[in-house]
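J.: Have a look at this prediction, sequence included:
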Amino acid sequence: MRTDTSPGTLPAREHLPAGDAGTPVLDVVIPVYNEEKDLQPCVLRLHEHLKRTFPYAFRITIADNASIDTTPQVAARLESDIPEVRSFRLEQKGRGRALRTVWSASDAPILAYMDVDLSTDLNALLPLVAPLISGHSDLAIGSRLARSSRVVRGAKREFISRTYNLILRGSLQARFSDAQCGFKAIRRDVAQALLPLVEDTGWFFDTEMLVLAERAGLRIHEVPVDWVDDPNSTVHIVRTATEDLKGVWRVGKALASGSLPLDRVTRPFGDDPRDRDIQDVPKGLARQLVGFCVVGGLSTLFYLVLYSAFRQFGGSQIANALALLVSAVANTAANRRLTFGVRGRGGAVRHQAQGLVVFAIGLALTSGSLAALNAASSNPAHSTELAVLVAANLAATVLRFLLFRAWVFPDRGDSAEESTVVALNTPSSPTCSTASHHPQNPQYPGSYAPLPQRQPQQSAYETTPNTTQFRAGEAADGTWRDATMQLQPVRPHDTDPRDPR
């Protein structure tokens, strides 16, 4: 989404650099609430699959949403028996709250989550995270609605899922196909910038995150999945649907008002280091043209209504000038927000001043057309006046779009400094830092060493005295961080005991 500020705070994507030997590349979060029966089979099956198929270090994190059964004891036992498993407990319910809290505190460069019922076939896990590891994409989602997906579920859930995604397409212009599949992944650097903008703490969390990411221009990769519905699901469909619709309304309102600073999570052009110096890249010409035509059509109708009203009290020239002035101000404001995606009040006065210059050109065209008509006929019919004005406005519209795009709302920044985003290498975050040169590979700018490989181990329940293993919280240098993962809330209400969820 284009804004009137800098191109973005996220650096260009890179293939993940090699990190600490004790830092996992992937952190898979399993949010649970009263899942004492399904938790252990799920974790054991996922752990076995990752050990067998995933080529990098990984971690499985159990996020307990205030369970009141023996789920915490099961999670603690799994954590003590399996080195790659970590668990923690939240005292408030809410899947979105659990994911945001764990993802915000995790040190893994790739963050994922899946439902405890493992409805999604695990063979889709590596294709899900591979585009994020390579730097191709920012987020990845499993899609049950892709053509090559194979799904087994009842007609009721099928209807609800497809209806919900149609609502998202119609109301929020979402282009991703499946917002509700519990099988998603995100890069940690993206999560750090995106999650503070996500307000929902429940089931709408996924949808809100995806909509904001898409509006910010982030790349979302979709993976077809094989999916089998869990008949014992405890999700309350009516309550969840109601909360989702409220969330759609809230997010739609925020997007329309421009209150979300999505420019903070945009990517600069050119993931390839050779493209970093390219400037003035045209963005969204087709979308801008469609939006401009829609705004222009509505502005023309508004103009004609105003002209007909003002014509009752004055001559044609005065009515034309007043109608064109009012409609020009409304047209500039609408194009500023809807067509060119400029949010906030910054530069609004300057844009309106430039719009008035464009208005003067349109006034000259339409006034000249009326003058020519009056010269040709002493008393032209009102319908003839309207026809001439429509033709003149069409010519003025083409010129207005060109001036808006090239002069009033250009794609390039206001200064040369704003057109370049520098990716800084942050020593404190070796797994997600980016740099234009790597000290180990001076011949290849932007290259990195391979990702940390997972060392072969024996059984998850066996240990050998000669094998060095890293548990949750243990760094490669042997120091020990708090394995209970003392989390800081992303939002104040995340730990508010008055929260009913």
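T.: Sure thing, it's come through. Remember, predicted model here, so these are calculated numbers, not experimental data.
J.: list the contacts for the nearest residue to G182 once chain neighbours are set aside?
T.: Of all residues not flanking G182 in the chain, D115 sits nearest, at 3.6 Å (C-beta to C-beta, 6 or more residues apart in numbering). In short, each C-beta sits where N, CA and C put it, glycine included. By C-beta atoms under 8 Å, 6 or more residues apart in numbering, the residues touching D115 are I30, P31, G182, F183, D230.
J.: Check whether the first one really touches I60, as I assumed.
T.: Yes: I30 sits in contact with I60 when judged by C-beta atoms under 8 Å, with a separation of 6.8 Å.
J.: so where is the chain shaky, pLDDT-wise?
T.: Confidence mapping of the chain against pLDDT under 70 gives the ranges 1-9, 17-22, 231-236, 268-284, 343-344, 411-501.
J.: which residue is nearest the middle of it?
T.: A213 (0.7 Å; C-alpha atoms, centre = their mean).
J.: circling back: include distance to Y56 when you put the contacts of D115 into JSON lines, please.
T.: Below are the contacts of D115 laid out as JSON lines (distance: C-beta to C-beta, whole Å):
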{"residue": "I30", "distance to Y56": "19"}
{"residue": "P31", "distance to Y56": "23"}
{"residue": "G182", "distance to Y56": "23"}
{"residue": "F183", "distance to Y56": "19"}
{"residue": "D230", "distance to Y56": "29"}
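J.: Narrow these to those that are buried.
T.: Buried members of these, scored by 16 or more other C-beta atoms under 10 Å, are I30, P31, G182, F183.
J.: about what we covered before: so what sits against both of I30 and I60?
T.: With C-beta under 8 Å, 6+ apart as the test, I30 and I60 both reach V43, L46.
J.: could you show me where the helices are in the stretch 201-350 of the chain, in order?
T.: Taking DSSP state H, counting those that start in this stretch to define them, one finds helices in the stretch 201-350 of the chain at 205-215, 237-257, 285-310, 316-334, 348-376.
J.: On the three-state scheme, S87 is what?
T.: Following DSSP: H, G, I helix; E, B strand; the rest coil, the label given to S87 is strand.
J.: and it, what are its bridge partners?
T.: Beta-bridge partners recorded for S87 (DSSP bridges): I62.
J.: From here on, call the first residue 632.
T.: Taking 632 as the first residue, the last one we looked at is S718.
J.: and it, what does it touch?
T.: T692, I693, A694, D695, P703, A706, A707, L709, E710.
J.: Around the last one, how many other residues sit close by?
T.: When you say that, I think you mean E710. 21 (other C-beta atoms under 10 Å).
J.: Tell me if I am right that it is in a helix.
T.: Yes: using three-state DSSP, the assignment for E710 is a helix.
J.: hang on, it packs against T692?
T.: No: with contact defined as C-beta under 8 Å, E710 does not reach T692; the gap is 9.5 Å.
J.: circling back: select, from the buried ones among the contacts of D746, the two members most distant in space.
T.: Distances among the buried ones among the contacts of D746 were taken as C-beta to C-beta; the most separated pair is P662 and F814, at 12.6 Å.
J.: which neighbours do these two share?
T.: Y744, D746.
J.: hang on, the earlier thing: to F790, which of the helices of the stretch 832-981 of the chain lies closest?
T.: Closest to F790 of these, according to C-beta to C-beta: helix 868-888, at 10.9 Å.
J.: mind listing what's buried in stretch 937-951?
T.: Within stretch 937-951, the residues that count as buried by 16+ other C-beta under 10 Å are L937, Y938, F941, R942, S947, A950, N951.
J.: now do stretch 877-888
T.: Quick answer for stretch 877-888 (16+ other C-beta under 10 Å): G878, V879, V882, A885, L886.
J.: ok, now stretch 1011-1025?
T.: Within stretch 1011-1025, the residues scored as buried using 16+ other C-beta under 10 Å are E1016, V1019, L1020, A1023, N1024.
J.: Please state the offset of that stretch from the chain centre?
T.: 45 Å (C-alpha atoms, centre = their mean, to the nearest Å).
J.: Tabulate the CA atom coordinates of that stretch in CSV.
T.: In CSV, the C-alpha atoms belonging to stretch 1011-1025 read as follows (Å, rounded to 0.1, in the frame of the first residue of the first chain):
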residue,chain,number,x,y,z
PRO,A,1011,-28.8,25.9,-26.5
ALA,A,1012,-31.0,23.2,-24.9
HIS,A,1013,-30.1,22.1,-21.4
SER,A,1014,-29.5,18.5,-22.6
THR,A,1015,-27.1,19.8,-25.2
GLU,A,1016,-25.2,21.7,-22.5
LEU,A,1017,-24.9,18.5,-20.5
ALA,A,1018,-23.7,16.5,-23.5
VAL,A,1019,-21.0,19.0,-24.2
LEU,A,1020,-19.9,19.1,-20.6
VAL,A,1021,-19.7,15.3,-20.4
ALA,A,1022,-17.4,15.3,-23.5
ALA,A,1023,-15.3,18.1,-22.1
ASN,A,1024,-15.1,16.3,-18.7
LEU,A,1025,-13.9,13.1,-20.4
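J.: what does it contact?
T.: Contact with stretch 1011-1025 is made by 931, 934-935, 938, 942, 947, 951, 993, 996-997, 999-1001, 1004-1005, 1008, as judged by C-beta under 8 Å, 6+ apart.
J.: Kindly indicate which of those lies nearest A736.
T.: A736 lies nearest to T931 out of the contacts of stretch 1011-1025, by C-beta to C-beta, at 53.6 Å.
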